[in-house]
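[1] With the sequence up front, the predicted model follows.
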Amino acid sequence: MIDRLHNYIRELRLLRKTMETAQKQNRGFGEEIAALKSKIGKLESESESKGKELKGARAETEALRKQADGFLMEYDRLLEDNHEPIGVY
């Protein structure tokens, strides 16, 4: 009887150590999850700001393209004006 009790106590100690190890590992995983969630939040925020930046850059590119088209049209018009024969006085 005492031998069985001794075995149960030893088994209980081993189970407690195993449980402690599992709890420490669980806490470590919890901390890692929290860190990863924080990193995800930062990356989502960064992605959103980069998306806004990209949208602004695209709008600026389009505006510059339209401006360049306007300059080309004006340049073509000026070339035509300069190539027209000048009237004799």
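    Perfect, I can see it now.
[2] low-scoring stretches of the protein, by residue?
    85-89 (pLDDT under 70).
[3] Where do the helices of it begin and end?
    2-83 (DSSP state H).
[4] Please report how far residue 12 lies from residue 3.
    15 Å (Cβ to Cβ, to the nearest Å). All C-beta atoms are positioned from the backbone trio N, CA, C, and that covers glycine.
[5] These two: which is more packed in?
    residue 12 (10 against 7; other Cβ atoms under 10 Å).
[6] Now do the contacts for that one.
    If a contact means Cβ atoms under 8 Å, 6 or more residues apart in numbering, then residue 12 has no contacts.
[7] where's residue 49 relative to residue 29, distance?
    Taking Cβ to Cβ, one finds residue 49 at 30 Å from residue 29.
[8] Revised request: answer the last question for residue 36.
    Taking Cβ to Cβ, one finds residue 36 at 10 Å from residue 29.
[9] what does residue 59 give?
    44 Å.
[10] same question, residue 1
    From residue 1 to residue 29 the distance is 41 Å (Cβ to Cβ).
[11] neighbour-wise, which of these two wins?
    residue 29 (10 against 5).
[12] can you pull the contacts of that one?
    So residue 29 contacts nothing (Cβ under 8 Å, 6+ apart).
[13] quick thing: my sequence starts at 31, can you match it?
    I'll keep to 31 as the first residue from here, and by that count the last item is residue 59.
[14] roughly how far apart are it and residue 72?
    Taking Cβ to Cβ, one finds residue 59 at 20 Å from residue 72.
[15] Equivalent analysis for residue 93, please.
    32 Å.
[16] Same check on residue 43?
    44 Å.
[17] what does residue 82 give?
    16 Å.
[18] got a list of contacts for stretch 85-93?
    Contacts for stretch 85-93 (Cβ under 8 Å, 6+ apart): none.
[19] can I get the CA coordinates of that stretch in PDB?
    Taking Å, rounded to 0.1, in the frame of the first residue of the first chain, the C-alpha atoms of stretch 85-93 are listed here in PDB:
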ATOM      1  CA  LYS A  85      -3.200  56.700 -54.600                       C
ATOM      2  CA  GLY A  86      -1.800  60.200 -54.200                       C
ATOM      3  CA  ALA A  87       1.200  59.300 -56.400                       C
ATOM      4  CA  ARG A  88      -1.100  57.900 -59.100                       C
ATOM      5  CA  ALA A  89      -3.200  61.100 -59.000                       C
ATOM      6  CA  GLU A  90      -0.100  63.200 -59.200                       C
ATOM      7  CA  THR A  91       1.200  61.100 -62.100                       C
ATOM      8  CA  GLU A  92      -2.100  61.500 -63.900                       C
ATOM      9  CA  ALA A  93      -2.100  65.300 -63.300                       C
END
